[in-house]
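K.L.:
Sequence and predicted structure, then a few things I'm wondering about:
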Amino acid sequence: MSSRSIFPLSLIALAAAAGAQTAQTEQLPAVSVTGRSSSAPVTVGSFGDTPNVRLPLQALRVDAERFKELGSAGLAALPQLDASISDSYNAMGYWASLKVRGFDVDLRNNLRRDGLPVNGETGYDLFNKAAVEVLKGASGLQAGVSSPAGLINLITKRPDAKRLDLSLGWEQGGSWSAAIDWADRSTEFGWRLNASSQRLDPWLKGARGKRQGLALAADWRLGASTLLDAEVELTHQSQPTQAGYSLLGNRLPAPTEFDLRRNLNSAAWGLPVVFDNRFASLRLNQRLSAGWTLALQAGLQRSTTDDRMVFPYGCSAEDVYDRYCSDGSFDLYDFRSENEGRDTDSLRATLEGRVGEHRLRAELLSSRFTASFQRQAYNWAGTGSVFGGGSTQAAPDLTDENTNRRERTQEIGLSDQLQLGDLELFAGVRLSRVQRATVRTDGSRAIEYSRRFATPWLGASWQLAPELRLYVSTGQGLETEVAPNRSAWVNRGEALVLKSRQHEIGLKAGSQTVDWSIASFEVTRPAWSDVAVPSALGQVRRQADGNARHRGLELQADLKWSGGGLLGSAMWLQARREKGQDSSLNGKRPVNVPAQQVRLQVRQGLLGGLQASASLVHEGRRAVLPDNGIELSGWTRLDTALRWDVASGSQLWRWRLGVDNVFDKKAWKESPLQFGHVYLYPLAPRTARLSLDLAL
């Protein structure tokens with residue numbers, strides 16, 4: 001197997017071999033669809049297997065079946081599932097960028113895989129993921145350095161009882177997929193193989209690509225109290241990325257003015273973005289005496305990226321560089337940063353058990369991250385237009401230096417969970433030491449620093465009734481920012497520590513028929529900016545500059561009835577800039593953050609194993625510019641789907657037919673301010689999809 005790609009998988013041959021072993025399956029596989037389960041634990045919450053309904057925080061677990069319903073294989077689908085999550089420069093063919101409660105998910109610090117840190121600046125396939133967890137809000141107890149968006153945790157599939165599941169999928173435009181999930185278990189040994197191959201030919205023109213994955217997990221029961229498990233995953237993705245539209249001069253264009261299926265990143269000399277990933281982990285779980293448990297875990301990530309794009313940016317003809325020209329033209333740049341290496345290694349040990357009414361947990365985590373880059377190209381390559389035309393020529397010379405990074409983190413997490421009748425108390429603290437260093441690829445602008453800090457967390461939950469709890473919590477998060485090591489900064493190389501704070505109060509309820517919650521939160525995060533130094537002409541100081549304060553109300557509900565249910569969430573968010581030196585921006589909403597969001601899905605079983613569902617996605621207005629002078633209008637999209645289960649002997653055939661954006665709504669779905677430039681991304685047009693899952 002080449003280190004730069006994964007060979008096409010012969011799934012049909014593999015399925016035939018597996019089918020010979022599973023043809024005598026005696027029992028119809030049980031397949032269920034669930035929304036949010038109040039009884040399921042959220043492992044990323046640092047309180048072990050405590051059910052979600054008892055935790056004094058808001059968290060979400062999305063099982064693999066829910067992603068299959070969407071016909072989606074990536075993290076970019078999360079904004080469709082929960083109202084607290086939104087897009088943030090979520091371009092097709094690139095890594096997923098998200099916001100939670102209006103704050104950006106830090107792709108370097110807010111992503112976990114089975115609880116271990118991983119880097120999010122790459123493509124993630126969910127073909128071998130059992131679930132995705134989202135912890136909302138400040139997460140200093142769970143991660144020493146992270147943005148107040150919370151944490152996203154990917155849970156890999158582990159060995160199961162004997163099973164063989166085959167999947168085929170098609171999407172309008174020409175995309176195809178095939179996958180296999182094959183597992184078996186003896187008394188002491190279990191294994192699970194997942195493989196996937198996809199041809200990507202989406203609605204966006206000029207975005208053809210491929211995605212492939214192979215994963216193997218195994219576990220050994222070394223005794224009644226000892227379990228050792230290991231897994232390895234290889235993925236490859238190659239696809240041209242999507243370029244955004246923009247303001248035309250001072251005007252917000254209507255999406256109906258363009259052929260939105262045309263990709264502005266479509267020059268004949270353009271190259272795809274390529275992601276190659278290797279993951280591996282080893283975990284030992286040991287039950288000790290007196291109800292204590294010890295877990296030892298090691299993991300690695302080896303990620304290689306070719307980041308390439310025919311990049312539209314600014315308008316030199318009108319001397320503006322944060323938008324396109326008034327007539328729709330723009331400058332094009334040949335951007336290439338190839339052979340980017342991002343490596344993460346981590347070791348983790350957890351010990352938990354009971355002392356009287358206290359449930360105690362201790363965690364040691366050591367991780368190391370290295371980013372090794374080459375020189376990059378970022379050269380003017382001609383012009384283009386949102387209406388078509390233009391003149392371009394490749395300019396691949398490596399004229400720009402890149403920045404290499406090294407980071408080492410050691411963390412100690414301690415938590416205590418105390419039950420006092422109907423009152424449950426939660427307390428914890430994480431002690432962290434972070435060492436970071438950066439240097440340009442030519443050896444210049446070297447910066448190195450080390451910091452120690454503590455991030456405490458407190459919470460309480462009262463059982464008001466058998467199925468109703470009131471909770472409160474308060475916690476902290478921490479981020480760092482460094483002044484560039486350049487002559488224009490008087491504090492060059494200085495590290496800024498930005499500590500965010502969160503307060504939350506809510507109600508949770510869970511039963512066999514309905515799970516619901518309501519939460520009110522306030523998150524305050526320090527902001528920073530480069531402020532001119534009056535005594536030093538032309539120089540600036542990077543410093544803390546006011547706050548971003550986000551106050552919000554979240555509603556979640558999962559109502560179940562015989563044959564159907566209603567799954568919904570909503571968030572109202574008041575996000576504002578406060579106490580900044582530029583008074584004209586105080587009281588303004590942040591860019592690309594919707595004021596309100598709603599997600600609803602209703603499903604109902606019909607006759608003969610047929611189920612119908614309809615999903616509504618609504619997002620409110622978004623600010624396009626920091627001064628809020630231009631806004632995107634709110635929009636609402638409707639998706640529909642049919643699922644048909646057919647039992648044939650010991651087999652289950654599950655057909656899915658879906659139509660997204662049924663009424664072909666035209667709207668700008670988001671407006672990220674990225675690299676100092678305003679971009680506009682449209683809603684995907686009406687798209688049909690069909691899939692078949694076969695459980696043998």
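P.N.:
Alright, I've got the coordinates.

K.L.:
Just give the nearest non-adjacent residue to the most centrally placed residue in the chain, would you?
P.N.:
When C-alpha atoms, centre = their mean is applied to the chain, the residue found nearest the centroid is Leu75 (4.8 Å). Computed as C-beta to C-beta, 6 or more residues apart in numbering, the closest residue to Leu75 that is not its neighbour in sequence is Ala96, at 3.9 Å. No exception for glycine: its C-beta is placed from N, CA and C like everyone else's.

K.L.:
what's the pLDDT at the one you found?
P.N.:
Ala96 carries a pLDDT value of 94.

K.L.:
Was I right to think it contacts Gly74?
P.N.:
Yes - using C-beta atoms under 8 Å, Ala96 is in contact with Gly74, at 6.0 Å.

K.L.:
what about those two, which has more around it?
P.N.:
Between Ala96 and Gly74, counting by other C-beta atoms under 10 Å, Ala96 is the more crowded of the two (23 against 18).

K.L.:
Phi, psi for the more buried one please.
P.N.:
Ala96 adopts backbone torsions of phi -70, psi 130, taken as degrees, to the nearest 10.

K.L.:
coming back round to it: contact partners for the residue nearest to Leu75?
P.N.:
Listed by C-beta atoms under 8 Å, 6 or more residues apart in numbering, the contact set of Ala96 reads 74-76, 78, 90, 120, 124.

K.L.:
closest to Ile505 among these?
P.N.:
The nearest member of the contacts of Ala96 to Ile505, counting by C-beta to C-beta, is Leu78 at 25.0 Å.

K.L.:
Quick check: chain neighbours aside, which residue is closest to the closest one?
P.N.:
Ile85 (4.9 Å).

K.L.:
Phi and psi next, for Leu75.
P.N.:
phi -70, psi -20.

K.L.:
Ok, the one 5 residues further on next?
P.N.:
Listed backbone geometry of Gln80 is phi -80, psi -10, with angles given as degrees, to the nearest 10.

K.L.:
quick one: it and Arg599 touch, right?
P.N.:
Yes - in this structure, Gln80 is within contact of Arg599 by C-beta under 8 Å, at 7.1 Å.

K.L.:
Common neighbours of these two, please.
P.N.:
Residues touching both Gln80 and Arg599 comprise 615, 617, with contact defined as C-beta under 8 Å, 6+ apart.

K.L.:
intersection of neighbour lists for Ala96 and Gly74?
P.N.:
Common contacts of Ala96 and Gly74, defined by C-beta under 8 Å, 6+ apart, comprise Tyr124.

K.L.:
on that earlier part again, please tell me how far the residue nearest to Leu75 sits from Ala557.
P.N.:
From Ala96 over to Ala557 the distance is 26 Å, taken as C-beta to C-beta, to the nearest Å.

K.L.:
go on, Ser238?
P.N.:
Here Ser238 is placed at a distance of 41 Å from Ala557 (C-beta to C-beta).

K.L.:
Specify the local secondary structure of Arg348.
P.N.:
Per DSSP: H, G, I helix; E, B strand; the rest coil, the local secondary structure of Arg348 is strand.

K.L.:
what about it, distance to Ser147?
P.N.:
The value you get for Arg348 to Ser147, if C-beta to C-beta is used, is 21 Å.

K.L.:
ok, now Ala381?
P.N.:
34 Å.

K.L.:
before we move on, what about Asp343?
P.N.:
Distance, Asp343 to Ser147, by C-beta to C-beta: 22 Å.

K.L.:
Have a look at the two and say which one is more surrounded.
P.N.:
A direct count of neighbours by other C-beta under 10 Å for Asp343 and Ser147 places Ser147 higher, at 25 against 16.

K.L.:
Now do the same contact list for the more buried one.
P.N.:
103-106, 109-110, 477, 479, 500, 525.

K.L.:
Helix or strand: which one has it?
P.N.:
Using DSSP states H and E, Ser147 sits in no helix or strand.

K.L.:
distance of the closest residue to it other than its chain neighbours from Ser97?
P.N.:
Closest residue to Ser147 apart from its sequence neighbours, by C-beta to C-beta, 6+ apart: Asp106 at 4.1 Å. Distance, Asp106 to Ser97, by C-beta to C-beta: 10 Å.
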